[in-house]
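[1] Make a model of this:
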Amino acid sequence: MDTRDFFAKRFGIFEPVESDKGGLSMKKITQLEQTVELMSSESYKDRFIAEYTQIEIRTKRLERVLKSIEDKTCPKCFEPTCPVDLLESQLKYMNAYRAILIVRASIEEIELPEVEV
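    Here you go, the predicted model:
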């Protein structure tokens, strides 16, 4: 059983879906809630995938917030109580951490899921 089949059966978050290129691809993770079971797993690879997915979701959401603040396009405009520079620094370090996880996944042969927010 390959990794994707394992996740499809165990967690239901990587369900096979028809690809527009033919064949099967895997359902994308879009919510933090989809990582709960992985985070609770005894397998470090499961927990690693959950950790990567969570940082990916949080990074993309913070990027969106910062963009909406910059463009003043946020419908429910978020007014941060901290300086925007601090949020930008947070994003910088989150991206660095995500990059480290990607390198580690490559070395440890962990297949990372697509994350779409």
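
[2] Tell me which helix or strand in this protein has the weakest average pLDDT.
    Least confident element among the helices and strands of the chain, by mean pLDDT, DSSP states H and E: strand 24-26 (a mean of 43).

[3] Could you list the buried residues of whichever helix or strand comes after it?
    Using DSSP states H and E, the helix or strand that directly follows strand 24-26 along the chain is helix 36-39. If you call a residue buried by 16 or more other CB atoms under 10 Å, then helix 36-39 has these buried ones: residue 38. Any C-beta I mention is one placed from the backbone N, CA and C, and that applies to glycine too.

[4] Repeat that for stretch 103-116.
    The neighbour-count check on stretch 103-116 (16+ other CB under 10 Å) flags 105, 110, 113, 115 as buried.

[5] What sits closest to the first one if chain neighbours are left out?
    Taking CB to CB, 6 or more residues apart in numbering, and ignoring the residues beside it in sequence, residue 105 has residue 112 as its nearest neighbour in space, at 5.2 Å.

[6] if we can go back for a sec, so which of the buried residues of stretch 103-116 comes closest to residue 72?
    Minimum distance to residue 72 across those is 27.3 Å, recorded for residue 115 (CB to CB).
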